[in-house]
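Engineer: how would this look folded up:
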Amino acid sequence: MTESSPVLILSVPAGYEIDPQAWETLKQCAGDCYGAGVVLAAPAFLRAESPVLLGDWGDLKAEALRELGPLIGAAFFTLDWLEAAM
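Structural biologist: You can find the predicted model right below:
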């Protein structure tokens, strides 16, 4: 049986946009630190709550979520605060 490469699957939260620079930083860190790819899935196709880690992460799942968590948060933004201020 072959091991599958680690993959981080995310969906854009409702009402949020993607910050392209932060998205690239997340992808680079996931690849450099964990050899993982990052995939954006439509919320309708993601039956589990985002983020989902698939493939062979070994014993690094918890560490990866701790390290990548802030980068995941930075990859998505909303302008709700601006609308509330108007």
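
Engineer: Give me the three-state assignment for S4.
Structural biologist: What DSSP: H, G, I helix; E, B strand; the rest coil gives for S4 is coil.

Engineer: thinking it is in contact with W57, fair?
Structural biologist: No. Under the contact definition of C-beta atoms under 8 Å, S4 does not touch W57, with a separation of 10.1 Å. C-beta coordinates here come from the backbone N, C-alpha and C atoms, glycine included.

Engineer: which of the two has more neighbours?
Structural biologist: Taking other C-beta atoms under 10 Å, S4 and W57 do not tie; W57 has more neighbours (19 against 9).

Engineer: quick one, what contacts that one?
Structural biologist: 6, 34, 36, 64 (C-beta atoms under 8 Å, 6 or more residues apart in numbering).

Engineer: so how many other residues sit close to the first one?
Structural biologist: With neighbours defined by other C-beta under 10 Å, the count for P6 comes to 21.

Engineer: So that it lines up with my notes, have the first residue be 45 from now on.
Structural biologist: All right, first residue 45 from here; so that's P50.

Engineer: Now do the contacts for it.
Structural biologist: Listed by C-beta under 8 Å, 6+ apart, the contact set of P50 reads 78-81, 97-101, 108.

Engineer: what does the last one give?
Structural biologist: Taking C-beta under 8 Å, 6+ apart as the definition of contact, the neighbours of A108 are 50, 52, 74, 77-78, 80, 97, 101.

Engineer: Confirm that it sits in a helix.
Structural biologist: Yes. Per three-state DSSP, A108 lies within a helix segment.
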